[in-house]
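**Student:** got a predicted structure plus its sequence, pasted below:
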Amino acid sequence: MTTPLPQDRPIFSFYGDDFTGSTDALEALAVNGLPAVLFLRPPGATDLARFGGCRALGIAGESRSRTPQWMRQELPPVFHCLRKIGAPIVQYKVCSTFDSSPEIGSIGCAIEIGQQVFGSGPVGVVAAAPLLERYVVFGNLFAMGGNGIHRIDRHPAMRKHPTTPMDEGDLLRHLGRQTRRRLAGVNLLELREHPFGWPTEAEAVLFDGLEPADMVLTAQLIWEHRATPQTFVAGSSGFTYGLMDYWRSQGWLPQATASVLSGGGRQERILVLAGSCSPATEAQIRSALRSGFCGIRLHPREMNACAAEREAVAQLSAGRSVILYTALGPADRVEIDNQPALGAAMGRLLCRVILASGVRRVVVAGGDTSSHAARELGITALTFLATLARGAPLCLAHGWQDHLELVLKGGQIGSESFFEEVLSWT
């Protein structure tokens, strides 16, 4: 079968609205056998040449924690970079919890900017990610959390998110607060209907998704209704997985065999920086402490970075794994006015500890923390190493002076023993 996918340039590109979500998309591409690279800044010609064998690429960003004013200034140059690269699909990668607001991380604002840059028709909006237990049914978002599946505005963590608490489960209403674009929804019954009727008057179309097959249908409909050389989509990794499955069903991609680089072997110690205050991360910290990790509390308002640095380096030099953390769950959270500045300060602390200790495997927990902290490491790109938990892969850092493996983990992702699993992976 003749493929409509270009052979002379990447076939898929994306911008991640935070770093954890960006590595989630990187994983979705890599496990589908598509060589991919995630840049931590817009790539130049030298960067693209270095990773010339990659069929997909992304740019990790931080718009999830930024204002619309910041987005209108910072996103157009990044989108123009992706337009120049020329992949037929350009995804604005959002978290499948869809946490955002008119003031912070506005997905509606990003859709407007994307339409201006790419000149595309209606933008597909795909929040569901069944592999991560995130579902959209009749326009309402549900997510696994605690002991069950909750509508997102009743989710034990997301309804209390420190930056963008989710107080609305109806995503059309939620998105309608963020944009004046005309919105429409495609529910499960309509999605599975044949023939399908595309909403003709809408400028952005939200798709339901309950099962992986729904994501394939969604990807097919968006692909078949594309009206421009590059189609702009706002969505979670559920869309990425669905598109890869659809392309493969058409014979345009080979059978999935993850392209995996060799790792650094078993590690005797790891370093964790945790800025998340979610119940899931709290359980992971407590589990790791019971397993012998050394916990060092960082106090956000009066962080004694020098003392924390000395203690962390001493413990790592003694062969112990270390967790630097700001909170043990939502009840322990401290209100901070400038989250980006705190994240950057934590990143600088992280960088110094890595350099002084020589630790080679690092975890950063928390979406906003990862975005701001990882930039302070000065690395240029990440490539996929291995799946640890869906949405939080082990990655190889490029541009670091030595071998460095990095996991950027969202607050809700991973089992209770996740940090121990990162330590034991070989």
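**Tutor:** Thanks, I have the structure now.

**Student:** domain-wise, how is the chain divided?
**Tutor:** 12-249, 271-424 (automatic domain parsing).

**Student:** and these, which one averages the lowest pLDDT?
**Tutor:** Sorting these by mean pLDDT places domain 271-424 lowest, at a mean of 90.

**Student:** quick check: which element contains residue 364?
**Tutor:** Element membership of residue 364, judged by DSSP states H and E, is strand 361-365.

**Student:** pull the CA atoms of the helix or strand containing residue 354 into CSV?
**Tutor:** Taking DSSP H and E as the definition, one finds residue 354 inside helix 339-357. Provided in CSV are the C-alpha atoms of helix 339-357 (Å, rounded to 0.1, in the frame of the first residue of the first chain):
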residue,chain,number,x,y,z
GLN,A,339,5.8,28.4,41.4
PRO,A,340,8.1,28.8,38.3
ALA,A,341,10.8,30.5,40.4
LEU,A,342,10.6,27.7,43.0
GLY,A,343,10.8,25.0,40.3
ALA,A,344,13.9,26.7,38.8
ALA,A,345,15.6,27.0,42.2
MET,A,346,14.9,23.3,42.8
GLY,A,347,16.4,22.6,39.4
ARG,A,348,19.6,24.4,40.2
LEU,A,349,19.9,22.5,43.5
LEU,A,350,19.3,19.3,41.5
CYS,A,351,22.0,20.1,39.0
ARG,A,352,24.6,20.8,41.7
VAL,A,353,23.8,17.6,43.5
ILE,A,354,24.1,15.5,40.3
LEU,A,355,27.4,17.1,39.5
ALA,A,356,28.8,16.7,43.0
SER,A,357,27.7,13.1,43.5
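
**Student:** in that helix, which residues are buried?
**Tutor:** The neighbour-count check on helix 339-357 (16 or more other C-beta atoms under 10 Å) flags 339-340, 342-347, 349-354, 357 as buried. Every C-beta, even on glycine, is put in place using the N, C-alpha and C of the backbone.

**Student:** need the strands for the stretch 101-250 of the chain, in chain order.
**Tutor:** 123-126, 134-137, 140-145, 148-151, 183-186, 204-207, 231-235 (DSSP state E, counting those that start in this stretch).

**Student:** which one of the ones you listed is the most hemmed in?
**Tutor:** Comparing the strands of the stretch 101-250 of the chain by mean neighbour count (mean count of other C-beta atoms under 10 Å), strand 123-126 comes out on top with a mean of 28.

**Student:** contact partners for the closest residue to residue 113 other than its chain neighbours?
**Tutor:** Counting by C-beta to C-beta, 6 or more residues apart in numbering, residue 75 is the residue found nearest to residue 113 once chain neighbours are left out, at 4.9 Å. Applying C-beta atoms under 8 Å, 6 or more residues apart in numbering, we find residue 75 in contact with 15, 61, 63, 110, 113.

**Student:** was I right about the second one contacting residue 371?
**Tutor:** The one in question is residue 61. Yes - counting by C-beta atoms under 8 Å, residue 61 touches residue 371, with 7.3 Å between them.

**Student:** who touches both of the two?
**Tutor:** 18-19.

**Student:** which parts of stretch 168-182 are buried?
**Tutor:** For stretch 168-182, by 16+ other C-beta under 10 Å, it's 168-171, 174-176, 178-179, 181.

**Student:** for those, name the two members farthest from one another.
**Tutor:** 169 and 181 (20.4 Å; C-beta to C-beta).

**Student:** re the thing from before, of the buried residues of stretch 168-182, closest to residue 381?
**Tutor:** Among the buried residues of stretch 168-182, and counting by C-beta to C-beta, the member closest to residue 381 is residue 178, at 30.7 Å.

**Student:** the residue lying closest to that closest one once chain neighbours are set aside: what's it in contact with?
**Tutor:** With C-beta to C-beta, 6+ apart as the criterion, residue 178 has its nearest non-adjacent residue at 2.8 Å, and that residue is residue 108. By C-beta under 8 Å, 6+ apart, the contact set of residue 108 is 100, 102, 175-179, 181.

**Student:** in this structure, where's the longest strand?
**Tutor:** Counting residues, the longest strand found in the chain (DSSP state E) is strand 381-389.

**Student:** and residue 287, how far from residue 205?
**Tutor:** Distance, residue 287 to residue 205, by C-beta to C-beta, to the nearest Å: 42 Å.

**Student:** would you agree residue 242 is in contact with residue 218?
**Tutor:** Yes - at 5.7 Å, residue 242 counts as touching residue 218 under the criterion of C-beta under 8 Å.
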